[in-house]
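K.L.:
Give me a 3D structure for the following:
(one chain, ligands or ions: 2)
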Amino acid sequence: MTSDVKTITITGAAGQIGYATAFRAAAGAIYGANTRVRLNLLEIPEAAQAAAGVAMELTDSAFPLLSEVNTFDDPNTAFEGASVGLLIGARPRTKGMERADLLAANGQIFGPQGAAINDHAADDIRVVVVGNPANTNALIAAKHAPDVPAERFTALMRLDHNRGLGQLATKTGSAVNDIEKFAVWGNHSASQFPDLAHTLIGGTPALELVSEDWYRETFIPTVANRGAEIIQIRGGSSVASAASSALDHMRDWINGTGERWVSMGVPSDGSYGVPEGLICGFPVTCTNGEYTIVPDLDMSPFACDRLDVSVNELREEREAVRDAGLIS
Ligand SMILES: NC(=O)C1=CN([C@@H]2O[C@H](COP(=O)(O)OP(=O)(O)OC[C@H]3O[C@@H](n4cnc5c(N)ncnc54)[C@H](O)[C@@H]3O)[C@@H](O)[C@H]2O)C=CC1
Ligand SMILES: O=C([O-])CC(=O)C(=O)O
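P.N.:
Ligands and ions are numbered 1, 2, ... in the order given. Below is the predicted model of the structure:
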């Protein structure tokens, strides 16, 4: 057991994904079995009482690794000393709301949270944004944290990645662990590009095991629209799978992936022609607490076209939040 206690701040902690995330984070899903954690739960004042109830349940679970749990309705205190920020709380889209309205409403949340992270978080802060539109919310938060390296702000693409693994394993009758080099590029939206061009299953190229037609006409739209499909079938948006993926994202970033690829929404360094700074899904590997975009992949004209569509959407989102004065 290390003597260090790591602080994990969860926003929207009384919401559905926050609730599902908190208990696994308390059980060691991010740092592992040798690190004690402090959970800081941030909610809006209207949900403060519900957050207090979540904190009571966490205490009642007697997690050996949980050193303390605190609730807050002010981001400045919630992010004090935080090494991990799970930014889940967001304004959901309501009837009649345009995408631009959603971006503007969420800018009011992620700007102040970015500023609070800038002023109060620990030097090793790492942030994953789950609240939608996740990529652009992460960009807004990063822009309000000029003293934190921009690469510490990331967006959740791991749910899309895990959805792709699940579909491919089911289709080919293989184990998820036998699948390597799968990636989801672009935005966490229906424009995303789940890419099988480099994927191996038990060492065999995936595209020798499934048809090009299934890949293009079934796999890509199924993965890209899975969120909407879950809403339709389950009667509510993905919760436990989103929580599980957010924890996967942070665990792998901190503890490393070896040679295994995972998908993360990270600020582009210009790789693959994605404009610098846009927070875009890429295949990455993680070592020593840092991720690296997988370099030098061959991109077919089909892959370039798919990536362009999603990157253009990210660009438009960035313009929309610029026009709304949320970033400069
Ligand atoms: N990136 C991804 O893969 C996925 C993202 N999502 C997104 O995750 C977000 C959360 O989803 P759910 O937990 O199901 O929603 P929810 O509505 O159950 O919970 C959201 C919680 O956030 C809180 N909240 C709102 N503003 C806040 C603020 N400024 N500070 C702290 N807390 C705040 C609300 O009070 C609420 O308790 C949504 O934006 C959803 O669209 C959902 C699934 C997958
Ligand atoms: O689509 C939604 O509203 C929730 C989401 O991001 C997902 O499930 O991928």
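K.L.:
I'd like to know how many residues surround residue 322.
P.N.:
Number of residues near residue 322 (other CB atoms under 10 Å) recorded here: 12. C-betas here are computed from N, CA, C, even on glycine.
K.L.:
I meant to write residue 148 there.
P.N.:
20.
K.L.:
The residue of the stretch 101-250 of the chain found nearest ligand 2: what's it in contact with?
P.N.:
Nearest residue of the stretch 101-250 of the chain to ligand 2: residue 227, at 2.7 Å (CB to the nearest ligand atom). For residue 227, the contacting residues are 159, 237-238, by CB atoms under 8 Å, 6 or more residues apart in numbering.
K.L.:
from what I can see residue 321 touches residue 103, true?
P.N.:
Yes - here residue 321 reaches residue 103: they are 5.4 Å apart, a contact under CB atoms under 8 Å.
K.L.:
Need the outlier residue of this protein, farthest from its centre.
P.N.:
Centroid-distance maximum for the chain: residue 208 at 30.6 Å, with CA atoms, centre = their mean.
K.L.:
and it, what element?
P.N.:
helix 206-209 (DSSP states H and E).
K.L.:
pLDDT on the helix or strand following that helix, on average?
P.N.:
Next in sequence after helix 206-209, counting helices and strands by DSSP H and E, comes helix 212-213. The average pLDDT for helix 212-213 rounds to 98.
K.L.:
The next helix or strand after helix 212-213 close to ligand 1?
P.N.:
Note on helix 212-213: by DSSP H and E, the next helix or strand toward the C-terminus is helix 220-224. No - interface with ligand 1: helix 220-224 contributes nothing (CB under 6 Å from any ligand atom), its closest point being 11.9 Å away.
K.L.:
CA atoms only for the following helix or strand past helix 220-224 - export them in PDB, please.
P.N.:
The helix or strand immediately downstream of helix 220-224 is helix 226-234, counting by DSSP H and E. C-alpha atoms of helix 226-234 as PDB (Å, rounded to 0.1, in the frame of the first residue of the first chain):
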ATOM      1  CA  ARG A 226     -25.200   2.500 -30.400                       C
ATOM      2  CA  GLY A 227     -25.900   5.300 -27.900                       C
ATOM      3  CA  ALA A 228     -29.200   6.100 -29.600                       C
ATOM      4  CA  GLU A 229     -30.000   2.400 -29.900                       C
ATOM      5  CA  ILE A 230     -29.500   1.900 -26.200                       C
ATOM      6  CA  ILE A 231     -31.800   4.900 -25.400                       C
ATOM      7  CA  GLN A 232     -34.400   3.400 -27.600                       C
ATOM      8  CA  ILE A 233     -34.200  -0.200 -26.300                       C
ATOM      9  CA  ARG A 234     -33.300   0.400 -22.600                       C
END
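K.L.:
In helix 226-234, which residues are buried?
P.N.:
226-227, 230 (16 or more other CB atoms under 10 Å).
K.L.:
Output the lowest mean pLDDT helix or strand found in this protein.
P.N.:
helix 99-120 (a mean of 91; mean pLDDT, DSSP states H and E).
K.L.:
Now that helix - C-alpha only, CSV.
P.N.:
This file holds the C-alpha atoms of helix 99-120, laid out as CSV (Å, rounded to 0.1, in the frame of the first residue of the first chain):
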residue,chain,number,x,y,z
ARG,A,99,-26.8,21.6,-30.7
ALA,A,100,-25.5,25.2,-30.4
ASP,A,101,-27.8,25.8,-27.4
LEU,A,102,-26.4,22.6,-25.8
LEU,A,103,-22.8,23.7,-26.4
ALA,A,104,-23.5,27.1,-25.0
ALA,A,105,-25.3,25.7,-21.9
ASN,A,106,-22.4,23.3,-21.2
GLY,A,107,-19.8,26.0,-21.7
GLN,A,108,-21.2,27.6,-18.6
ILE,A,109,-20.3,24.3,-16.8
PHE,A,110,-17.0,23.3,-18.3
GLY,A,111,-15.4,26.8,-18.3
PRO,A,112,-15.6,27.3,-14.5
GLN,A,113,-14.6,23.7,-13.9
GLY,A,114,-11.5,24.1,-16.1
ALA,A,115,-10.7,27.3,-14.2
ALA,A,116,-11.1,25.5,-10.9
ILE,A,117,-8.8,22.7,-12.1
ASN,A,118,-6.3,25.2,-13.1
ASP,A,119,-6.3,26.9,-9.7
HIS,A,120,-6.7,24.0,-7.3
